[in-house]
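Asks: need coordinates for the following:
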Amino acid sequence: MKRNSPLRSRACAECGGVVAPARVAIGYNVCLPCGERIARQRVHTVAPLHKSNYIVVTNRADLRGLNNKGGLYR
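Replies: Down below sits the predicted model:
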């Protein structure tokens, strides 16, 4: 069985900068600053529902009246 070559840095898929070998080893193909920028673009929250489970909310308007025990929000 052929062993993998030693870890080497790669070019970032977003900016062309250097991706650290440790990040490449765990499957990332973007550098740390680009990864941070991409992560901040995705916004969501988890809200508990009354006598129920949790729900992932991606639209802020959906949070209004979500946990008021069945009443309507106006």
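Asks: just checking, next helix/strand downstream of the lengthiest helix in the chain?
Replies: Assignment by DSSP state H gives helix 32-41 as the longest helix of the chain. Next helix or strand after helix 32-41 toward the C-terminus (DSSP states H and E): strand 45-48.
Asks: give the pairing partners of that next one; include direction for each.
Replies: When pairing is defined by DSSP bridges, strand 45-48 lines up against strand 54-57 (antiparallel).
Asks: so where's this protein uncertain?
Replies: Within the chain, the segments meeting pLDDT under 70 span 1-7, 67-74.
Asks: residue nearest the centroid of it?
Replies: Ala39 (5.0 Å; Cα atoms, centre = their mean).
Asks: which ones are touching it?
Replies: Counting by Cβ atoms under 8 Å, 6 or more residues apart in numbering, Ala39 touches no other residue. C-betas here are computed from N, CA, C, even on glycine.
Asks: list the buried ones in the longest helix of the chain?
Replies: Within helix 32-41, the residues that qualify as buried by neighbour count (16 or more other Cβ atoms under 10 Å) are Cys34, Gly35.
Asks: next one: stretch 48-67
Replies: For stretch 48-67, the neighbour count (16+ other Cβ under 10 Å) marks no residue as buried.
Asks: how far does it sit from the chain's center?
Replies: 19 Å (Cα atoms, centre = their mean, to the nearest Å).
Asks: can you show me the CA trace of that stretch as PDB?
Replies: Written as PDB, here are the backbone C-alpha positions of stretch 48-67 (Å, rounded to 0.1, in the frame of the first residue of the first chain):
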ATOM      1  CA  PRO A  48     -36.800  26.400  21.200                       C
ATOM      2  CA  LEU A  49     -40.500  26.000  20.600                       C
ATOM      3  CA  HIS A  50     -43.000  25.900  23.500                       C
ATOM      4  CA  LYS A  51     -43.500  22.200  24.500                       C
ATOM      5  CA  SER A  52     -41.800  21.100  21.400                       C
ATOM      6  CA  ASN A  53     -38.400  20.700  19.800                       C
ATOM      7  CA  TYR A  54     -35.900  23.200  18.500                       C
ATOM      8  CA  ILE A  55     -36.200  24.800  15.100                       C
ATOM      9  CA  VAL A  56     -33.400  26.300  12.900                       C
ATOM     10  CA  VAL A  57     -34.400  29.800  11.800                       C
ATOM     11  CA  THR A  58     -32.700  31.500   8.900                       C
ATOM     12  CA  ASN A  59     -35.200  34.300   8.400                       C
ATOM     13  CA  ARG A  60     -35.400  36.900  11.100                       C
ATOM     14  CA  ALA A  61     -39.100  37.600  10.400                       C
ATOM     15  CA  ASP A  62     -39.900  34.000  11.300                       C
ATOM     16  CA  LEU A  63     -38.700  34.600  14.900                       C
ATOM     17  CA  ARG A  64     -41.500  37.000  15.600                       C
ATOM     18  CA  GLY A  65     -44.300  35.300  17.500                       C
ATOM     19  CA  LEU A  66     -42.600  31.900  17.200                       C
ATOM     20  CA  ASN A  67     -42.600  31.100  20.900                       C
END
